[in-house]
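Peer 1: Quick check, what structure comes out for this input:
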Amino acid sequence: MKKEKLNCYENYPKWMVFVSNLLNILIYAIGFYIILGFGLAYSVIYLLYVGFLEVKVLKKSCVNCYYYGKRCCFGKGKLAPLFFKKRDNKFSKHEMSWKYLIPDMLVSVIPIIAGIALLIIDFSWLILILILILAVLTSFGNGFVRGQLACKYCKQRELGCPAEKLFNKNKKSGK
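Peer 2: The predicted structure follows:
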C-alpha cells in the first residue's frame, strides 16, 4: 500500500499548542473539581497522578520523537529537553496496545465515576453538568485535537508513530 505524503509542520502554530493544552487543562480542572467532592486530599492525589502521566510522556515518548526540541502540537517537544536527554530507541518500531492507554483513560474515567457516586450521595446539577462536559471534552474534544490538529500534521506520524499504528490498524488492513 502506498503511503500518502502528509503536509507536516516543522513547528506547530502557537494557537494549536494553546488549544491542545487548554483542552487538557480543562479536563484536569474539571476532574479536580469533581473529585474535590470527596476531599482536597483526593483531588491532590488526582493531580499528582496527572503530573506523573505528563512526566512519563516526556520521559518515554518525547525524548524519542521527531519534535524533541521543536514545538509539537502539545508543546512538549520544547519542554522535554529541559528535563530529559534525547534518545533514539526506535520510537517508530515501538508497539502500542489498548492496555497501554488505560492509565491515560483513567484521567477522565476516575472523575466520571467519582461524579456519579457524588450524584448518588447527594444530587447536584453542577456535578451532572461537569460530568457531561468532561465526557464531551474527553471524547469529541480529544478526537478533534488529535484528528484535526495534532496527528493530521505530524511529521512523526509520517516517520512512524505507535499511536497512529494502533488507531489506524483497521483502516490499513481494509476492515
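Peer 1: On the three-state scheme, C72 is what?
Peer 2: coil (DSSP: H, G, I helix; E, B strand; the rest coil).
Peer 1: what about V107, neighbour count?
Peer 2: 19 (other Cβ atoms under 10 Å). Bear in mind the C-beta positions are built from the backbone N, C-alpha and C, glycine included.
Peer 1: which parts of stretch 120-138 are buried?
Peer 2: I127, L130, I131, L134, L137, T138 (16 or more other Cβ atoms under 10 Å).
Peer 1: Just the mean pLDDT for that stretch, thanks.
Peer 2: Averaged across stretch 120-138, the pLDDT comes to 98.
Peer 1: go on, stretch 18-32?
Peer 2: 98.
Peer 1: chain center to that stretch, what's the gap?
Peer 2: 10 Å (Cα atoms, centre = their mean, to the nearest Å).
Peer 1: CA atoms only for that stretch - export them in CSV, please.
Peer 2: The C-alpha trace of stretch 18-32 is given here as CSV (Å, rounded to 0.1, in the frame of the first residue of the first chain):
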residue,chain,number,x,y,z
PHE,A,18,-2.8,26.7,23.1
VAL,A,19,-5.9,24.9,22.0
SER,A,20,-4.4,21.5,22.7
ASN,A,21,-3.2,22.4,26.1
LEU,A,22,-6.4,24.3,27.0
LEU,A,23,-8.3,21.1,26.4
ASN,A,24,-6.0,19.1,28.7
ILE,A,25,-6.2,21.8,31.4
LEU,A,26,-10.0,21.9,31.2
ILE,A,27,-10.1,18.1,31.6
TYR,A,28,-7.7,18.1,34.5
ALA,A,29,-9.5,21.1,36.2
ILE,A,30,-13.0,19.5,35.9
GLY,A,31,-11.6,16.2,37.2
PHE,A,32,-10.0,18.0,40.1
